[in-house]
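Asker: Need the 3D shape of this:
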Amino acid sequence: MRSRFRHLVHFLCAASVKSILDRGWYEFRWQIEYKQIWKGGLIIAVSAHYTSQTYPYCGHVSRKNRKRQAIFECVECNYANNINVVGAINILE
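Answerer: Sure thing, here's the model as predicted:
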């Protein structure tokens with residue numbers, strides 16, 4: 001009984017944290033969109049999926065390209081750079 005209770009508490013806490021974080025990003029995005037409409041700008045939402053696993057020049061996509069947290073290393077062509085730089089290049093394209 002005790003372990004089931006701990007599991008339930010852990011699940012509820014994780015769900016609460018995720019809910020709070022999701023709400024924060026929603027609010028942030030809403031504020032950005034509101035300000036851009038007010039100023040006459042343009043917002044383009046970009047999916048972040050695979051931006052840290054894809055090398056933009058050779059196009060190789062693999063989890064193995066990201067062996068370490070901060071470094072991108074393409075296993076196809078041996079290119080290496082900071083993961084944020086590679087992600088930004090992918091988003092720009």
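
Asker: now the strands: where do they sit in this structure?
Answerer: Secondary structure of the chain (DSSP state E): strands at 71-73, 80-82.

Asker: OK, contacts around Gln36?
Answerer: Contacts for Gln36 were tallied using C-beta atoms under 8 Å, 6 or more residues apart in numbering; they are Leu42, Ile43. Every residue, glycine included, has its C-beta placed from N, CA and C.

Asker: right, so the strands of the chain: which one is the most enclosed?
Answerer: Comparing the strands of the chain by mean neighbour count (mean count of other C-beta atoms under 10 Å), strand 71-73 ranks first with a mean of 18.

Asker: Output the below-cut-off pLDDT ranges for the chain.
Answerer: Low-confidence segments of the chain (pLDDT under 70): 1-22.

Asker: picking up where we left off before, quick one, which of the strands of the chain gets closest to Ile32.
Answerer: Between Ile32 and the strands of the chain, the shortest separation by C-beta to C-beta is 24.6 Å, and it involves strand 80-82.
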